[in-house]
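# Using only what follows, build the 3D model:
(2 chains)
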Amino acid sequence: MRRRFRDRPIRQKVAWIILLASVAGLALAAGAVGTYELTTFRPRALRDVSTLAAILQANMVPAVLFNDTTAARENLATLASRREIGAAAVYRRDGSVFASYRGAGGGSLLHAPPARAGAAFTEGLLLYTAPLAADGQAVGWLRLQYVLPGFWDRLPQYGIMALVVLIALAGAAAMLLTVLGRSVTAPLLALADTTRRLTARPDLTLRVPKHADDEIGDLTGAFNQMLDAVQEREVALKESEARLRLALAAASMETWIVPLEPAPSRGALADLLANIHPDDRPAVEAAIASAIRDRSGFEVEFRTAASGADERHTALRGQAYLGQDGRPPQLIGVAQDVTARRRLERQLLQAQKMEAIGNLAGGIAHDFNNLLTGMIGYIKFAQRALQPGSQVRTDVDEVERAARRAAALTSQLLSYARRQMVMPTVVDLNETVRALEPLLRRLIGEDVAIAVELAPALWPTRIDPGQLEQVVVNLAVNARDAMPSGGHLTIVTRNVTLTAPPAADDPVAPGDFAELAVSDDGSGMPPEVISRIFEPFFTTKPAGQGTGLGLAVCYGIVRQAEGHIAVESAVGRGTTIRVLLPRGAAAPVAPAAEETDDDPGGHETILLAEDDAAVRTLAVRTLAEAGYTVLAAADGASAAALAAGRNGSIDLLIADVVMPDRNGRELADELRRARPSLPVVFMSGYTEDNVLRRGVLLGRTPFVPKPFTPGELRRAVRAALDAAHRSVPHA
Amino acid sequence: MASVSVALLTLGTARGAAQSAASLETEVKAAYLLNFTRYVEWPAAAFARPDSPITICVVGRDPFGAVLDSIVENRRVQGREVRVQRAASPQAGLDCQVVYVGGGVERARALAAWRGRPVLLVGDEDSFAADGGTIAFVLVEETVRFEVNVAAARADGLQISSRVLTLATRVYGEEPR
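This is a model prediction of the structure:
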């Protein structure tokens, strides 16, 4: 198979070029030599022969003069070294031969006497005749026969020359090729070798050694520069890729590609949709199919893994590409784990829901409390006027019980909404449980065995005692309800020190806690129930058996006390609810003394600000009957005006916290600007006023929670007035 | 014998037919005397004037007679005329460039008379050149040849052409090279 010249190695090409150039040069030289030979041969021969003749002449003249034929012959014999001289002869003046010579070349004898001097070319011969003269006198003739060699006879000497030149050229060519190999082929091969190695193994630190600064050196330099650039770009690309990967990882994102040609394989899609929740699969597959069909983008979200606590949410965003600009048709996009976001969204939704419910409950409770205050107050008035034991008195007592139940329900609503005015004190949790134990036994019934394990030296906690009782009772009742056919209820207290928050999304700070754990060995709860048990009105009980507020109220109370509540449960394994309450600052104080039956009165002047007419009327009557002078106002503005009119004669301000236009605290602040020592008693069912709430929490602000009885109001007023008198003895 | 006649023809004399065989040798010698003048270089002092003729003096018995005169007649050698003068005995006062020492002349006297002067001394006796003369005619195989004493010539201030020396049968006083 003959290779084309173009595809031959450079060394061979150069060798060929040198050879051809040499042959051409040689041919040119031969032509030049030939031309020179042809055009100058005769003159040269003539010059040659005339020179010979001139030399011979000088010696031949004396030989003739002194008649020395031997000398003449000897002189002629020297022509033997000149092969081209065929024959020679010396003639006397009269034309007779004096001496003659016949060369090896075999020229003809020269007998014919010369007629005159000169040169004559005949048949390949040059006949040259020169006169012999001494001092101007002719003494004879010298004749030389020059045999002109044929062109082909002359050729061999040129052939030898050509051969020498050829050998020299070959040597030069060989040397050139060696040099070429070193300076051209080797660097080129090194370049090719590096390129091949780069192709096989992309090691961009490879560089081609540079041999010289010629064009190949240039090429090598450029190649290395290209490698530098490629390496730089690769590094940048890798950095960018790493950045992208980190960004994707930070966003819990992964990229995916499904080739669309040939038809999208089930495998690729199956990988993508592995572990998809069966309920979500049809919608997702439909979205993807639609995107592939329309070559459009899509965005779907689906659940993966088992439902419940391990459920993950994956958002899939992608775009089908037609395959223009050289890319194959493909479906490409990112998958993002949005579980955390969904959970947060759910929590936000939950918070919003509870906020809304709280607002509703708070609003209802406010009005209810006013209504209940009126009802209970007038019931008290009616009871006083009725004979105990009479039928009417008994009916009224029933009305009172119903009103109190209504008040309790309202209070629970407010507890859940965390808007109840609470008065936390330092409480011994063990004491509370111990006091409640008989009540609990009665509530729970005989089917359930109660075990109480109270830790000695339990840390005191700070919480509203009534609310704490509510938590204990609610948890116990809840446990009982989980054991309809009986079982064991265990109440355990202990000290717990948290070094880290109990859960990632729990705002409770680490610290010391008193723990209350209420356990049952009942039916337990599946995870989806556990995640919802603190929602208000969520209940697993049949309709009519529960309000659905029990655990939600516990949750609200515990969180309001800056504690923590957690559920541990599994189906068939029972449930434990743990309540962590922050350690209180001081030892528990003894509970307040039982209130006395007599309602203390007085003669001071009291300014009453209450927007609810029923409550206002009741309060005015209650206080007036106790001997006080009562100035009543329906809102803050008129109360302020009344106070201004009775400058300095008002001894106490009773203010409803929630009033339109100016609330109780604002009114109190206004009046206290004129009289800082003015005692104030607030009334409210609940409050959103944080300053007031804080004051009540700290026990600084006298407060009458609604609904209240006339006695409660009178006692609070008397206490506030007495306190004011004690702090200002001269008054 | 034949070569002698050939030599005479070469000289080109017009008087060929009447010549005897014995006088042929004389004629060749006469021609040679003239030919010698062509290949000898005299110092400038050898001539009275730049155009002074070359004088061939025949001393003692003259073998040439009219032959020599006819040979040199109308010849110019080295741009000079050639003359022949005759003298009975060697005389230092003679203005000669070539002296042929003929018969009856005592060799020693002749040498004494011209030795040391720029004069080409030619003699007929075989030992003439060996004994202090410059050129001696000798007969080799019946042919007239000559011997040359280069040392003598040099001593006299003469320069003899190497072309003539190559034709001499013998050369004396050649400096070893």
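
# show me where chain B has strands.
Along chain B, counting by DSSP state E, strands occupy B:40-41, B:54-59, B:76-77, B:80-87, B:98-101, B:120-123, B:135-140, B:143-149, B:159-160, B:170-172.

# So for chain A, which of the ones you listed sits nearest?
With CB to the nearest CB as the criterion, chain A lies closest to strand B:76-77 of the strands of chain B, at 5.4 Å. The way it works is simple: take the backbone N, C-alpha and C, and place the C-beta from them, glycine included.

# Enumerate the residues of chain A near chain B.
Residues of chain A lying near chain B by CB under 8 Å from any CB of the partner chain: A:58-59, A:61-69, A:71, A:92-94, A:96, A:134-137, A:139-140.

# So which of those sit within helices?
Under the assignment DSSP state H, the residues of chain A next to chain B contribute A:58, A:59, A:61, A:62, A:63, A:64, A:65, A:69, A:71 to helices.

# Which PyMOL command selects the buried ones in those residues?
Command for PyMOL that selects the buried part of those, burial taken from 16 or more other CB atoms under 10 Å in any protein chain shown:
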select buried, chain A and resi 59+61+62+63+64+65+69+71
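
# residues contacting the closest residue to residue B:124 other than its chain neighbours?
Among residues not flanking residue B:124 along the chain, residue B:137 sits closest, at 5.4 Å (CB to CB, 6 or more residues apart in numbering or on different chains). Contacts of residue B:137 were listed using CB atoms under 8 Å, 6 or more residues apart in numbering or on different chains, and they are B:29, B:32, B:122, B:123, B:124, B:144, B:145, B:146.

# and what of residue A:457?
By CB under 8 Å, 6+ apart, the residues touching residue A:457 are residue A:495.

# you'd agree it is in a helix?
No. Counting by DSSP: H, G, I helix; E, B strand; the rest coil, one finds residue A:457 to be coil, located in no helix.

# Now it, what are its backbone angles?
phi 60, psi 40 (degrees, to the nearest 10).

# ok, now how distant is it from residue A:495?
From residue A:457 over to residue A:495 the distance is 8 Å, taken as CB to CB, to the nearest Å.

# Quick one: the helices in chain B, in order.
Under the criterion DSSP H, chain B contains helices at B:2-11, B:21-38, B:66-72, B:107-114, B:150-155, B:162-167.

# Quick check: the two most widely separated of the ones in helices among the residues of chain A next to chain B?
Maximum pairwise distance in those, criterion CB to CB, is 17.3 Å, between A:58 and A:69.

# pretty sure residue A:183 is in contact with residue A:217, am I right?
No. Counting by CB atoms under 8 Å, residue A:183 sits too far from residue A:217 to count as a contact (9.5 Å).

# Give me the common contacts of these two.
Residues touching both residue A:183 and residue A:217 (CB under 8 Å, 6+ apart): residue A:211.

# Low-confidence ranges, chain B, go.
Scanning chain B with the threshold set as pLDDT under 70 gives B:1-22, B:92, B:175-177.

# one more time with 90
Counting by pLDDT under 90, the ranges of chain B that qualify are B:1-28, B:44-52, B:60-79, B:85-96, B:101-117, B:124-133, B:138-144, B:151-157, B:161-177.

# circling back: may I see the helices of chain B organised as CSV, with distance to residue A:101 and mean neighbour count added?
Listed next are these as CSV, based on distance: least, CB to CB, whole Å; neighbours: other CB atoms under 10 Å in any protein chain shown:
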stretch, distance to residue A:101, mean neighbour count
helix B:2-11, 19, 17
helix B:21-38, 24, 20
helix B:66-72, 30, 19
helix B:107-114, 42, 18
helix B:150-155, 30, 18
helix B:162-167, 17, 17
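
# got the ones you listed as JSON lines, with distance to chain A columns?
Rendered in JSON lines, the data for the helices of chain B read as follows (distance: least, CB to the nearest CB, whole Å):
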{"stretch": "helix B:2-11", "distance to chain A": "4"}
{"stretch": "helix B:21-38", "distance to chain A": "4"}
{"stretch": "helix B:66-72", "distance to chain A": "12"}
{"stretch": "helix B:107-114", "distance to chain A": "23"}
{"stretch": "helix B:150-155", "distance to chain A": "16"}
{"stretch": "helix B:162-167", "distance to chain A": "4"}
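
# Which residues does the helix or strand harbouring residue A:617 contact?
Following DSSP states H and E, one finds residue A:617 within helix A:613-625. Contact with helix A:613-625 is made by A:370-371, A:373-374, A:377-378, A:381, A:601, A:606, A:608, A:610, A:630, A:632, A:634, A:654, A:656, A:683, A:706, A:710, A:713-714, A:717, as judged by CB under 8 Å, 6+ apart.

# can you rerun that using 6 Å?
For helix A:613-625, the external contacting residues (CB atoms under 6 Å, 6 or more residues apart in numbering or on different chains) are A:370, A:373, A:374, A:377, A:606, A:608, A:610, A:630, A:632, A:710, A:713.

# Which of these fall in helices?
Applying DSSP H to the contacts of helix A:613-625, the entries found in helices are A:370, A:373, A:374, A:377, A:710, A:713.

# shouldn't the first one be in contact with residue A:612?
Yes. In this structure, residue A:370 is within contact of residue A:612 by CB atoms under 6 Å, at 4.2 Å.
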